[in-house]
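Student: with the sequence up front, the predicted model follows.
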Amino acid sequence: MPHTDDDRALILDCDGVLADTERYGHLVAFNQVFTEFGLPVHWTLDDYRQKVLIGGGKERLASLLTPEFVAAAGLPSDPAGQQAAIAAWHQRKTEIYTELVTSGAVPPRPGIARIVGEALAAGWRVAVASTSAEPSVVATLERAVGDDLAAQVKVFAGDIVKAKKPAPDIYLVALDWLGLPAGQVVVIEDSRNGLLAATGAGLATVVTVNDLTKDEDFSEAALVVSSLGDPGGEQTTVIANRTPATPGGRITLSDLSRVLSGRQGAPMAKATSADVENVVHTIASTAVENEKYFGDLDSVVGDGDFGYSMARGFELVISGWDDFDRTDIGTFLKKVAVMITSRIGGTSGPIWGTAFLRAGTTAGAVTELEPAQVVAMLRAAAEGIKARGKSDVGDKTLLDALIPATDSIERSLADGLDPQATLAAAAQVARDSAEATRSMEAKRGRASYTGERSIGTLDAGAVAVAVMFAAVAGLPPDPLPINPA
Ligand SMILES: [Mg+2]
C-alpha cells in the first residue's frame, strides 16, 4: 500500500489494553477449564501474576506440565499426546473466554473506544497486535469499541508468529502490513513483555498500566499512564513522560502525535567518549562472561578455542582499562585495537583488532560522534574484517551479523528512532542474522575445513556479535541454543 510521510498508525495490544481481560476473562476461563477437565490445579490472582509473564495461552498451559503434574493428571507421557491435551484445553478455554467477553463480564478500559474513534476519524490506520487466540481478540475488540469501529481495525493475533511477545515478531508482521516506517507508528501496551516486543520492533510505546503490571519496569516506554482516561470518567495520571506531549485528564490523538513528533523532531543524540568507553567495556565483559558459551559454539565444527582466546584477550583489555590513552575517541579505540591484535590468540585477534583499528581511524581525533559517524565506523570495521579475513557476507562469519545490524542502525536513524530503540532493533536483527547462519556453509576459518558438515551449526563469531549488541542495548541475556530443539 503506498504511503506518505503524513500517514500515521496506532497499534494496540489486546489483553490489559482494550479491556481488563487477564483478571476478569483469561484467569476465570483457565480455572473453569481446570475444573471441567478435572485437572488438579487452580490459579489464584497471585499465581497468575507469574503466568502472565508467559506470552500465549497454550504456552501458559504448557507451563503446568511438570512430571508430577503429568502423573497426577493422568496425562500421556509422549509430547504429541501432551500437545493434543493442551490444544483441547486451550480450545475450550477460548470458548469460555469468548462467552465471558460477550456476556459483558470483562470491562473495557477507559478511553479505548474514544481513542480508536479519534484515530480512525483522523485517517490513522488502527491495528491490534496480540499473541492471544484470534477469536478471543476479536470478541474483546468488538466489545471494547463496538462492531462498527471494530470492522475498521486490522487484527494480528494468535499463532501467526512462532515467537510470542516479548519477541518483536507480531509487531514486525503488523509493520510489514502497514507499510509504514517505524517512526510513524505508535503502540499502546500494558506490560513489560509487550513493551519489549514493541520497542524491539523500533516502535514508540505508550504504556497503560493495570493491576497485574503496575510494578513492572517500563523504562523503555515513551509515556506511562494509569489509563487513557475519559471525559467525565476515569482521569489519566501520568507516571512517566519522555515525550513532548503534555497530557491532561485523558490521552488524546494529539498527545499520541506528539509522542511520534518527539522522536522525529528531537535533535539526534551524539555519542560521547564515555558512551564509546561503555560500549567497549560491555564488549570486553561480554567476551569474558561468555567464554564457555562461545567455546561450546566453536567446538561443534571449529577447534573450540574461540571462547578461550576472546576471554583471555578481553580480560587484558579490562585489566589494562585505566591505562588506555583517552585523548580522543580515535586514539582510545586504536590503543584497544593494539591490545586485542597482540593478545587474542588464533585467527580472532587480527580480525577483531582490525575492526577496532578501522573504527578508531574513522572516528579520528574527536570527543563526540554524530550518529552517521557511528554508522561509518561500523562500516569501516566490517570492511577491515572483509579485507583481513578475505571473507564477505554469506561466508558464515561474524560479518553475517555485523553488517545486517549496521544496516538496521542506519535505517532506524533515518526513521528518526531514539538511540535506545535503534540499539534494540539492531540487537534483534543481529540475533536473527546469527540464527540464520545455521543454514550456511562455512567458507572461511577453521570451520570451513569441515565443509558441508558446518551446515546446521551456528557461527560462533556471528553469535558473539549478536550477544554483544544485546548487551550494549541493555537487553537480558537470551542465548541462541547451540543445537536446534
Ligand atoms: Mg497485554
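Tutor: Happy to help now that I have it.
Student: C-terminal to the helix or strand bottoming out on mean pLDDT in the chain, what's the next element?
Tutor: Of all helical and strand segments in the chain, the minimum by mean pLDDT, DSSP states H and E falls on helix 253-265, at a mean of 78. Sequence order places strand 271-272 as the next helix or strand after helix 253-265, per DSSP states H and E.
Student: show me what that following strand is in contact with.
Tutor: Contact with strand 271-272 is made by 367-369, 371, 374, as judged by CB atoms under 8 Å, 6 or more residues apart in numbering. C-beta coordinates here come from the backbone N, C-alpha and C atoms, glycine included.
Student: keeping just the C-alphas, turn stretch 171-191 into CSV.
Tutor: Output in CSV follows, covering the C-alpha atoms of stretch 171-191 (Å, rounded to 0.1, in the frame of the first residue of the first chain):
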residue,chain,number,x,y,z
TYR,A,171,4.8,-6.1,15.6
LEU,A,172,7.1,-6.7,12.6
VAL,A,173,4.2,-8.5,10.9
ALA,A,174,1.9,-5.6,11.6
LEU,A,175,4.5,-3.1,10.4
ASP,A,176,5.0,-5.0,7.3
TRP,A,177,1.3,-4.9,6.6
LEU,A,178,1.1,-1.2,7.4
GLY,A,179,3.9,-0.5,5.0
LEU,A,180,5.0,2.5,7.2
PRO,A,181,8.4,3.3,8.7
ALA,A,182,8.5,2.5,12.4
GLY,A,183,8.8,6.3,13.2
GLN,A,184,5.2,6.8,12.0
VAL,A,185,3.6,4.2,14.3
VAL,A,186,2.7,4.4,18.0
VAL,A,187,1.8,1.4,20.2
ILE,A,188,-0.2,1.1,23.3
GLU,A,189,0.8,-1.7,25.6
ASP,A,190,0.2,-2.6,29.3
SER,A,191,3.1,-5.0,30.2
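Student: what does the chain put close to the ion?
Tutor: Within the chain, the positions adjacent to the ion are 13, 15-16, 190-191, 194 by CB under 5 Å from the ion.
Student: most neighbours of all these, which one?
Tutor: D190 (31 neighbours; other CB atoms under 10 Å).
Student: list the contacts for that one?
Tutor: 13, 15-17, 207-210, 213.
Student: mind listing what's buried in stretch 345-365?
Tutor: Across stretch 345-365, burial judged by 16 or more other CB atoms under 10 Å covers 346-363.
Student: go on, stretch 374-389?
Tutor: 374-386, 388-389.
Student: ditto for stretch 210-221
Tutor: 210, 212-213, 216, 218, 220-221.
Student: now swap in stretch 47-62 and tell me
Tutor: Applying 16+ other CB under 10 Å to stretch 47-62 flags 48, 51-58, 60-61 as buried.
Student: now render the residues you listed as TSV, adding secondary structure, pLDDT and distance to R92.
Tutor: Below are these laid out as TSV (DSSP: H, G, I helix; E, B strand; the rest coil; pLDDT from 0 to 100; distance: CB to CB, whole Å):
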residue	secondary structure	pLDDT	distance to R92
Y48	helix	93	18
K51	helix	92	17
V52	coil	87	20
L53	coil	86	23
I54	coil	87	19
G55	coil	79	20
G56	coil	84	16
G57	helix	90	11
K58	helix	92	12
R60	helix	95	14
L61	helix	96	11
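Student: would you list those residues in a markdown table and tack on distance to A470?
Tutor: A markdown table is the format used below for those (distance: CB to CB, whole Å):
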| residue | distance to A470 |
| --- | --- |
| Y48 | 29 |
| K51 | 26 |
| V52 | 24 |
| L53 | 19 |
| I54 | 21 |
| G55 | 19 |
| G56 | 22 |
| G57 | 28 |
| K58 | 27 |
| R60 | 26 |
| L61 | 29 |
